[in-house]
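A.B. asks: Below: sequence and its predicted model.
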Amino acid sequence: MSATAVAPRLLGVRRRRLGVLLALLASVAVAVVLSVTIGSKSVPLADAWHALTAPTGSENDLVIRSLRLPRTALGVLAGLALGVAGALMQGHTRNPLADPGLLGVTQGAAFAMVASIILLGASTLLTYIWYGLAGALVASVAVFALGMVGGRGGPTPVTLALAGTAVSALLYALTSALVLLDEQAMDVFRFWQAGSIASRGADVVWQVLPFVVAGLVLALVNAPGLNALSLGEDVARSLGQNIPLTRTIGIAAVTLLSGAAVAACGSLAFVGLIVPHLARPLSGTDHRWLLPYSGLIGAALLLTADVIGRVVAPPGELEVGVVLALLGAPFFVFLVRRRKPVRL
Amino acid sequence: MTALPLRVGVASWRVRLRGVALTLTGLVLLALLMALNMRIGDIAMTLSEVVTGTFDAGSAAHFVIMELRLPRALTGALVGAALALSGALIQSIARNPLASPEILGVTTGASVTVVAGLVAGGGVYGGVSGLLATLGVPALALLGGLLGAAVVYGLAWRRGLDGYRLVLVGIGVAAVFTNVKFWLLTVGDVNDTSRAMVWISGSLNGRGWEHVAPTALALAVLVPLTLLGTRSLDALRFGDDTVTALGVRVNPARALLILAAVLLAAVATASAGPIAFVALASPQIALRIVGSGRPPLLCSAIVGAVLTTGADLIARTAFSPIELPVGIVTAVLGAPYLIHLIWRSRK
């Protein structure tokens, strides 16, 4: 094919990809508007705008500013983080079963939180989350170190996956033993485990924001290297890739992103499992597009599920984790059945 | 490696001497662990009392051994073997070391029905406890396990069964079941949650002959069946096109092996709950000990039995008199060993 024929086609692909990106951004924006206005108390759009720009201290203003806004912000952050982390994780392990929890973040966070409640007497959400975050980071560093020494010349996908599963199973067992011995910790643990972004407050958003931002930057830096790696390690090496460095950056990004999201919101790691499979048919296997698509789909999905959870069982709410499982997973199964899955 | 051919009728296997030696060592270790386990109870016994009590019908300990301790020890060993064999089959079929009966919806499906039963049965809706009492937790678990597997299989089937699609559908369905389980745990009274957590972890407490029989029956039927299927299993590693070219009819072979894996896991889960990690770790441990291309079936089963029995021994002695659910210890025991094997494989 001549160069003149290739150029317009490439241009068309890029235009299509930008179009999809804009559509996904728009869907996140719609989800944000829904999340701010809909709930056990519906707030008209005009009032919501008023509360943001010129608050007067009315009831609606309070609901919007102290409850809905932090909740929405946390939903966007967690969705972005888990979507991107999931795509990175599946790319690095080349395993469609890999979710961000594979590095041990979920069980690391759970164990640290439960241990902090029982052994250190932690009692407020803000302190649990610090411990959860620390636990997530320590667990994933341990998994990564183990995968590193287990593989030959850097962590290989299989050893990483196995090391993650082993460490997670160990931590989950210890957590189960602790909550079986302490009923108060069990009560906190079961609600965290269900996965929720409700009643977290603005301070929690500020707590996780730096981790998510750092993780997103690392993820974008990692994308071209990951593309080369997905051609196989030999090809990547001959293209001049520093493979251990690329792997380390990727895993660090996954740790920061999923650790922050899971510590704040509970067991939602499977968002990261499902979202990349939804994004891949739109983006193809190019990680420079797959990562942003996954992040945006994650955010839109998480917020939409949260809004549905608020209205579906009045006067109570359904945890976002449950709604996501009940809506997102069947949709995922439908997609898997309908098209031939894009292989990693 | 030294290997001997073994033929029975039309079927033939390569029997590797290293494998035979390891199998025998495993069986001896298993017998020893079971005997050590049977010492524990309201009346502590010595090892020789256990041995005479088992084989001498006239001895004082015979009744206690036969009615209480032997069935519990056998349940542990058989359930461990069944789970591990199921895991080995699924990992071979899916060609994925992370696959386990969870992927087939068995353990997660059973967890949902049992947790729903325990949460609804206790506390708030007292009336349902009658239903739960008649049905029994094992029946509920068996029902949930088979339903879960049917859902996964039905959704994954589309003009044939693609291993990759099966795995993807499996994780989707597992996500639904797991989160419904999490939600059910938040609905009930915290005491019911604790009871449900014990079952979810997998426990051998108070297991009797009624738990031994179904698992033993399932193993007796399914182990020979799966061993006959090893040729197909070896072939399935190479991808569908190659397999067809090798003259194996892919879909019937795979469907039968999956059915065997589902039944093994469902029966084991009904007896002792979804004991964590045995199905996932045992095949990987056996693979690394034996050093073969895919998880070896018999060795995996023996590793599973040893792991579960050893874990039960620790679960009963570590914090005595408090008895931990065995599933907690299988993970505490199996995970470091798997980590050690990964560590050792570096070179």
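C.D. replies: Received, thanks.
A.B. asks: Which stretches in the stretch 1-150 of chain B count as strands?
C.D. replies: Residue ranges of the strands in the stretch 1-150 of chain B, as given by DSSP state E, counting those that start in this stretch, are B:3-8, B:11-16.
A.B. asks: Now the first one - C-alpha only, PDB.
C.D. replies: C-alpha atoms of strand B:3-8 as PDB (Å, rounded to 0.1, in the frame of the first residue of the first chain):
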ATOM      1  CA  ALA B   3       9.000 -43.900  32.800                       C
ATOM      2  CA  LEU B   4       7.100 -47.200  32.400                       C
ATOM      3  CA  PRO B   5       4.200 -47.800  30.000                       C
ATOM      4  CA  LEU B   6       1.000 -49.100  31.600                       C
ATOM      5  CA  ARG B   7      -1.900 -50.500  29.600                       C
ATOM      6  CA  VAL B   8      -5.400 -51.400  30.700                       C
END
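A.B. asks: returning to what we had before: ranking the strands of the stretch 1-150 of chain B by mean pLDDT, which is last?
C.D. replies: Among the strands of the stretch 1-150 of chain B, strand B:11-16 has the lowest mean pLDDT, at a mean of 69.
A.B. asks: give the contact list for residue A:61.
C.D. replies: Listed by C-beta atoms under 8 Å, 6 or more residues apart in numbering or on different chains, the contact set of residue A:61 reads A:50, A:51, A:55. In short, each C-beta sits where N, CA and C put it, glycine included.
A.B. asks: Try it again at 6 Å.
C.D. replies: A:51, A:55 (C-beta atoms under 6 Å, 6 or more residues apart in numbering or on different chains).
A.B. asks: Nearest the geometric middle of the chain, what residue?
C.D. replies: If you meant another chain, say so; for now it's chain A. The structure's chain A has its C-alpha centroid closest to residue A:82; by C-alpha atoms, centre = their mean the separation is 1.0 Å.
A.B. asks: my bad, chain B
C.D. replies: Taking C-alpha atoms, centre = their mean, chain B has its central residue at residue B:83, 1.6 Å away.
A.B. asks: next SSE after the strand or helix carrying the residue nearest to the centre of chain A?
C.D. replies: In the assignment (DSSP states H and E), residue A:82 maps to helix A:69-93. Going down the chain from helix A:69-93, the next helix or strand is helix A:105-119, by DSSP H and E.
A.B. asks: Just checking that following helix against chain B, any contact.
C.D. replies: No. Helix A:105-119 lies out of reach of chain B by C-beta under 6 Å from any C-beta of the partner chain, never closer than 10.2 Å.
A.B. asks: how distant is that helix from the center of its chain?
C.D. replies: Chain-centre distance of helix A:105-119: 19 Å, with C-alpha atoms, centre = their mean, to the nearest Å.
A.B. asks: Can you name the residues in contact with that helix?
C.D. replies: Here helix A:105-119 makes contact (C-beta under 6 Å, 6+ apart) with A:122, A:128, A:131-132, A:134-136, A:139-140, A:168, A:171-172, A:174-175, A:178-179, A:182, A:185, A:188-189, A:258-259, A:262-263, A:267, A:269.
A.B. asks: Buried residues, that helix. List them.
C.D. replies: Of the residues in helix A:105-119, A:105-118 count as buried by neighbour count, 16 or more other C-beta atoms under 10 Å in any protein chain shown.
A.B. asks: would CSV of the residues you listed with pLDDT be doable?
C.D. replies: What follows is these, written out as CSV (pLDDT from 0 to 100):
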residue, pLDDT
A:105, 84
A:106, 84
A:107, 88
A:108, 90
A:109, 87
A:110, 87
A:111, 90
A:112, 90
A:113, 86
A:114, 87
A:115, 88
A:116, 87
A:117, 84
A:118, 84
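A.B. asks: Please identify which of those is nearest to chain B.
C.D. replies: The nearest member of these to chain B, counting by C-beta to the nearest C-beta, is residue A:107 at 10.2 Å.
A.B. asks: Secondary structure element for the closest residue to chain A within chain B, which one?
C.D. replies: Distances between chain B and chain A by C-beta to the nearest C-beta are smallest at residue B:179, namely 3.3 Å. Assigned by DSSP H and E, residue B:179 falls within helix B:163-187.
A.B. asks: Please identify the buried residues of that helix?
C.D. replies: With burial defined by 16+ other C-beta under 10 Å, the residues of helix B:163-187 counted as buried are B:163-186.
A.B. asks: For that helix, which helices and strands make contact with it?
C.D. replies: Contacts defined by 3 or more C-beta pairs under 6 Å, 6 or more residues apart in numbering or on different chains; DSSP states H and E place helix B:163-187 against helix A:183-194, helix A:320-323, helix A:329-338, helix B:106-121, helix B:137-156.
A.B. asks: go again using 8 Å as the cut-off
C.D. replies: If you count contacts as 3 or more C-beta pairs under 8 Å, 6 or more residues apart in numbering or on different chains; DSSP states H and E, helix B:163-187 packs onto helix A:183-194, helix A:270-283, helix A:320-323, helix A:329-338, helix B:70-94, helix B:106-121, helix B:137-156, helix B:190-201.
A.B. asks: How far off centre is it?
C.D. replies: Put simply, helix B:163-187 sits 19 Å off its chain's centre (C-alpha atoms, centre = their mean).
A.B. asks: same check, this time on stretch B:177-191
C.D. replies: 24 Å.
A.B. asks: Find me whatever residue is spatially closest to residue 263, sequence neighbours aside.
C.D. replies: You didn't say which chain, so I picked chain A. Nearest non-adjacent residue to residue A:263, counting by C-beta to C-beta, 6 or more residues apart in numbering or on different chains: residue A:132, 3.4 Å away.
A.B. asks: nope, chain B
C.D. replies: Here the residue nearest residue B:263, using C-beta to C-beta, 6+ apart, is residue B:218, at 5.8 Å.
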